[in-house]
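Below: sequence and its predicted model.
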Amino acid sequence: MLHVLFHAGVEAFAFPALRVRRVVPFASLKRLPGSPDAFAGLLQFRGSPVPVLDLSQLVLGRASAEVLGSRILITALDDGSGLGWIAESVRDTAWIDPSHFEAPPVRVDGAPWLGKVACIQGQFVQCVEPSELLTDEIRELLRVHATE
């Protein structure tokens, strides 16, 4: 299965490429006052506003750095609407056989979105499950956005 590889700080992650519609350069976003920290703002994409979440904020508790290689991954929600994810240092894609991913030997209750790990070129890469990253607060925000 093809994965988009990115970093949040020094940690490496894999995002299933089947869920990614487009990878676009980092762009300025329209921040919505009072929105959760993980909600980075709205991206103007092909004439429509697309909500964008910050993967580093969700994974590490800090905003993504605007570094060379930062990108926005545009994915589709169940209802077909778009959702963007800021990812630091998007560097590559990789075909990773699902059998190479293993459950980590510990379970972190506060991070159900963390999937299995694989060792790729001597570095652990953790698969991120996008649907699990959506907290109730963000789901409500997206639901409100979709109905407006």
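Alright, I've got the coordinates. Owing to the predicted nature of the structure, the values given are computational and were not obtained by experimental measurement.

which residues touch whichever helix or strand Gly41 is part of?
Using DSSP states H and E, Gly41 sits in strand 39-45. By CB atoms under 8 Å, 6 or more residues apart in numbering, the surrounding residues in contact with strand 39-45 are 22, 24, 27, 29-32, 35, 49-54, 57, 63-64, 72, 74, 82, 84, 86, 138, 141. Using the backbone N, CA and C atoms, a C-beta is placed for each residue, glycine as well.

who does whichever helix or strand comes after it touch, helix- and strand-wise?
Following the chain from strand 39-45 toward its C-terminal end, the next helix or strand by DSSP H and E is strand 48-54. Applying 3 or more CB pairs under 8 Å, 6 or more residues apart in numbering; DSSP states H and E, one finds that strand 48-54 contacts strand 39-45, strand 82-95, helix 136-147.

So among the contacts of strand 39-45, which ones count as buried?
29, 35, 50-54, 57, 64, 72, 74, 82, 84, 86, 138, 141 (16 or more other CB atoms under 10 Å).

Low-confidence bits of the protein, can you list those?
Along the chain, the model assigns pLDDT under 70 to residues 78-79, 107-114, 144-148.

still on that earlier bit, okay if I get the helices and strands packed on strand 48-54 as TSV plus distance to Leu5?
Shown next, in TSV, are the helices and strands packed on strand 48-54 (distance: least, CB to CB, whole Å):
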stretch	distance to Leu5
strand 39-45	20
strand 82-95	5
helix 136-147	24
